[in-house]
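1. No letters, just coordinates:
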């Protein structure tokens with residue numbers, strides 16, 4: 001019964017919570033948004049999405065008005 005509960009919890013997480021937190025983008029779409037897929041973003045960049053590539057994120061340059069901290 002516990003296995004069924006954990007499986008249900010995992011499926012709910014994958015179906016509802018994960019898509020609401022982030023979206024997976026391909027490197028081409030990230031480039032169209034003037035970003036790049038990297039392992040880590042520079043301090044002058046911010047993370048906007050997660051790339052399809054393993055452990056890579058889509059980074060885009062911050063606007064001048066945004067806080068760099």
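-> Cool, the structure landed. Remember, predicted model here, so these are calculated numbers, not experimental data.
2. How far away from the center of its chain is stretch 41-51?
-> 9 Å (CA atoms, centre = their mean, to the nearest Å).
3. With stretch 38-49 instead?
-> For stretch 38-49 - counting by CA atoms, centre = their mean - the centre lies 10 Å from the chain centre.
4. Nearest the middle, which residue of the chain would you pick?
-> residue 50 (2.7 Å; CA atoms, centre = their mean).
5. my read is that residue is in a helix, agree?
-> No - assignment of residue 50 by DSSP: H, G, I helix; E, B strand; the rest coil gives strand, placing it outside any helix.
6. Look up which residues are beta-bridged to it.
-> Beta-bridge pairing of residue 50 under DSSP bridges involves residue 24, residue 57.
7. Test my guess that it contacts residue 58.
-> Yes - if you go by CB atoms under 8 Å, residue 50 and residue 58 touch, sitting 7.0 Å apart. Heads up, the C-betas are built off the backbone N, CA and C, glycines and all.
8. Quick check: neighbours shared by the two?
-> residue 25 (CB atoms under 8 Å, 6 or more residues apart in numbering).
9. what about residue 58, neighbour count?
-> Residue 58: 27 surrounding residues under other CB atoms under 10 Å.
10. Residue 47 too?
-> Count around residue 47 with other CB under 10 Å applied: 14.
11. Then residue 56?
-> By other CB under 10 Å, 16 other residues sit near residue 56.
12. List the contacts of it.
-> Counting by CB under 8 Å, 6+ apart, residue 56 touches 37, 38, 39, 50.
13. Residue 63: which of those is nearest?
-> residue 38 (18.8 Å; CB to CB).
14. Where does the prediction get shaky in the protein?
-> Residue ranges of the chain with pLDDT under 70: 14, 16-24, 26, 64-69.
15. Would you state the strands of it in chain order?
-> With DSSP state E, the ranges of strands along the chain come out as 24-25, 35-38, 45-51, 57-61.
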